[in-house]
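J.: Need a 3D model of the following:
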Amino acid sequence: MEKPSMEFNLPDTHEEGKLYVVDSLNNLNKLNVCPAESQRSLDEEENTGGTGERMVGSNTRNQCLFFITFILTLIVSLALVSFVIFLILQTRNEVDQISSRLLSEKKNIEELKKINNIILKHLNQSGIKE
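T.: Sure thing, here's the model as predicted:
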């Protein structure tokens, strides 16, 4: 058995024909070597004539989508941070109000204790005299 040769003799073919044959052999080699995911990119390259016009448009569209997504993410993050700051300020105001109420209640309790001690002293003095 003869071993098939990888070299092809192409007598009397024009330059364009040679390029077409070489391109076809390269595509066949890529199909045998590359995984199935690469087939899609090869098909796209064939559809665009190998110029990459579709890839340039796709890259531009992908960059535009990425930029829009990035801007939207920044806006949402800014809104969330603003909301958190608003909640912190509201909580601080509420805590200040509660602490001021506690201080006023503490003063009222101290006054009630003094009044209670005065009443107890008066009762003890009046109870001793009986």
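
J.: what's the average pLDDT for stretch 121-130?
T.: For stretch 121-130, mean pLDDT is 76.

J.: could we number from 782 for the rest of this?
T.: From this message on, residue numbering opens at 782, which makes the last subject stretch 902-911.

J.: So which elements touch the top helix by length along the chain?
T.: Counting by DSSP state H, the longest helix found in the chain is helix 834-910. Under the contact criterion of 3 or more C-beta pairs under 8 Å, 6 or more residues apart in numbering; DSSP states H and E, helix 834-910 touches helix 817-828. The way it works is simple: take the backbone N, C-alpha and C, and place the C-beta from them, glycine included.

J.: any idea which helix or strand of this structure has the worst average confidence?
T.: Every helix and strand in the chain was compared by mean pLDDT, DSSP states H and E; the lowest is helix 817-828, with a mean of 56.

J.: any weak-confidence spans in the protein?
T.: Within the chain, the stretches with pLDDT under 70 are 782-801, 803, 810, 812-837, 909-911.

J.: can you rerun that using 90?
T.: Applying pLDDT under 90 to the chain flags the ranges 782-842, 905-911.

J.: Send me stretch 855-873 as CSV with only the CA atoms.
T.: Provided in CSV are the C-alpha atoms of stretch 855-873 (Å, rounded to 0.1, in the frame of the first residue of the first chain):
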residue,chain,number,x,y,z
LEU,A,855,-22.7,52.4,38.3
ILE,A,856,-26.1,54.2,38.5
VAL,A,857,-27.7,51.4,40.4
SER,A,858,-24.7,51.2,42.8
LEU,A,859,-24.9,55.0,43.3
ALA,A,860,-28.6,54.8,44.1
LEU,A,861,-28.1,52.0,46.6
VAL,A,862,-25.2,53.9,48.3
SER,A,863,-27.4,57.0,48.5
PHE,A,864,-30.2,55.0,50.0
VAL,A,865,-27.9,53.5,52.6
ILE,A,866,-26.6,56.9,53.6
PHE,A,867,-30.2,58.2,53.9
LEU,A,868,-31.0,55.2,56.1
ILE,A,869,-27.9,55.9,58.3
LEU,A,870,-28.9,59.5,58.7
GLN,A,871,-32.5,58.7,59.6
THR,A,872,-31.3,56.1,62.1
ARG,A,873,-29.0,58.6,63.7
